[in-house]
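Visitor: can't give you the sequence, but here's the structure:
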């Protein structure tokens, strides 16, 4: 089984998550971990193809709008996460099976990169949720006064924030400054769990209540469904990875890190499937090509029924 050092994702001094510390040299293999990681590798390959398709369609085939900018950046973050997790697991398995410790430094680099992408995904998904909530409650501002490049600016700032918090944690933890390493990790989880995650959940709850009250018997817009499902799956599949990273530092989380990696890979792989299924769903059937499905979600839903209804309500209130 793995040691606590090997299973603490944010302790960036780890080398291989599959080895024990029983003796130097070629170590005992944890075959259960190898099997789980092999499944995760397959999920990563599937997710890389899906997010690559999202990048191509939103980047070159579908008209750009504020939400496609966010979704495009989310796909890039998921792609980076899956690619680095794939490389991390492959090198770890090769190192374990063939006893090649020289991969240790490369493993740490890929580990750092997929932590960076994981944080970016959380921040971007929070921005998507907040933007969608604002578009429903303040439709006139969003359509008439919202800066055209606001989405790109917000995405750049969120990428920079993810790089900053991951870089600071890396500096303090790799330099063996235990007190500062602990403080940096606590600071990251304050940012993630006490700021971004609550905002993401709260905005989606508010949006859900608002739309349920206003839509009555009508079906909600596809973009709203996509965002809600993406957030729900993130909370189910990605949060355990973050909780493991934090809780394991205090020896309080029993779930294995291999399971957390598998769940996190599912989260980063499932979004393209959500986009396609929601976009192609019509009258209890799934119809149309992938490109058509994406257009139904991201082009035709720029101003959905919720937006139009909210805008009419705002205009009536202003006239009164």
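Guide: That came through, no problem. A quick note: this is a predicted structure, and the numbers were derived from the prediction, not measured.

Visitor: for the stretch 51-200 of the chain, which segments count as helices?
Guide: For the stretch 51-200 of the chain, the helices defined by DSSP state H, counting those that start in this stretch occupy 66-98, 104-137, 139-140, 150-174, 178-191, 197-215.

Visitor: present those as a markdown table; the columns should include mean pLDDT.
Guide: Listed next are the helices of the stretch 51-200 of the chain as a markdown table, based on pLDDT from 0 to 100:
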| stretch | mean pLDDT |
| --- | --- |
| helix 66-98 | 91 |
| helix 104-137 | 89 |
| helix 139-140 | 82 |
| helix 150-174 | 91 |
| helix 178-191 | 80 |
| helix 197-215 | 85 |
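
Visitor: how about those in a markdown table, adding mean neighbour count and distance to residue 261?
Guide: The way it works is simple: take the backbone N, C-alpha and C, and place the C-beta from them, glycine included. Formatted as a markdown table, those follow (neighbours: other CB atoms under 10 Å; distance: least, CB to CB, whole Å):
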| stretch | mean neighbour count | distance to residue 261 |
| --- | --- | --- |
| helix 66-98 | 22 | 6 |
| helix 104-137 | 21 | 9 |
| helix 139-140 | 17 | 41 |
| helix 150-174 | 17 | 17 |
| helix 178-191 | 15 | 19 |
| helix 197-215 | 16 | 20 |
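
Visitor: got TSV for the ones you listed, with distance to residue 279 too?
Guide: Listed next are these as TSV, based on distance: least, CB to CB, whole Å:
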stretch	distance to residue 279
helix 66-98	12
helix 104-137	16
helix 139-140	23
helix 150-174	20
helix 178-191	33
helix 197-215	19
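
Visitor: which residue is nearest the centroid of this protein?
Guide: Nearest residue to the geometric centre of the chain (CA atoms, centre = their mean): residue 121, 3.4 Å.

Visitor: list the contacts of that one.
Guide: 74, 77-78, 81, 234, 238, 268 (CB atoms under 8 Å, 6 or more residues apart in numbering).

Visitor: rewinding a little: looking at the helices of the stretch 51-200 of the chain, which is closest to residue 275?
Guide: Closest to residue 275 of the helices of the stretch 51-200 of the chain is helix 66-98 (CB to CB; 7.9 Å).

Visitor: next one: that closest one to chain centre, how far?
Guide: 11 Å (CA atoms, centre = their mean, to the nearest Å).

Visitor: list the helices and strands it packs on?
Guide: When contacts are defined as 3 or more CB pairs under 8 Å, 6 or more residues apart in numbering; DSSP states H and E, helix 66-98 sits against helix 31-56, helix 104-137, helix 150-174, helix 257-280, helix 290-298.

Visitor: again, only this time at 6 Å
Guide: Judged by 3 or more CB pairs under 6 Å, 6 or more residues apart in numbering; DSSP states H and E, helix 66-98 is in contact with helix 31-56, helix 104-137, helix 150-174, helix 257-280.

Visitor: can I get these in TSV with distance to residue 242?
Guide: Formatted as TSV, these follow (distance: least, CB to CB, whole Å):
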stretch	distance to residue 242
helix 31-56	17
helix 104-137	7
helix 150-174	13
helix 257-280	9
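
Visitor: for those helices, which one sits closest to residue 203?
Guide: When these are ranked by proximity to residue 203 (CB to CB), helix 104-137 comes first, at 4.2 Å.

Visitor: that closest one vs helix 150-174, what angle?
Guide: Per axes from the mean of the first three to the mean of the last three CA atoms, to 10 degrees, the angle that helix 104-137 makes with helix 150-174 is 150 degrees.

Visitor: off-centre distance for helix 104-137?
Guide: With CA atoms, centre = their mean, you get 5 Å for helix 104-137.

Visitor: now it against helix 197-215, angle please.
Guide: Using the same axes, to 10 degrees, helix 104-137 lies at 30 degrees relative to helix 197-215.

Visitor: next, the angle helix 257-280 makes with helix 104-137.
Guide: Interaxial angle of helix 104-137 relative to helix 257-280 (the same axes, to 10 degrees): 40 degrees.

Visitor: which one of the helices of the stretch 51-200 of the chain lies nearest to residue 259?
Guide: Per CB to CB, nearest to residue 259 of these: helix 66-98, 13.3 Å.

Visitor: state the pLDDT value of residue 237.
Guide: If you check residue 237, the pLDDT there is 93.

Visitor: neighbours around it, how many?
Guide: Around residue 237 sit 19 other residues, with neighbours defined as other CB atoms under 10 Å.

Visitor: which residues does the nearest residue to residue 87 once chain neighbours are set aside contact?
Guide: Closest residue to residue 87 apart from its sequence neighbours, by CB to CB, 6 or more residues apart in numbering: residue 110 at 4.6 Å. Applying CB atoms under 6 Å, 6 or more residues apart in numbering to residue 110 gives the contacts 84, 87-88.

Visitor: now render these as CSV, adding distance to residue 64.
Guide: Formatted as CSV, the contacts of residue 110 follow (distance: CB to CB, whole Å):
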residue, distance to residue 64
84, 27
87, 31
88, 33
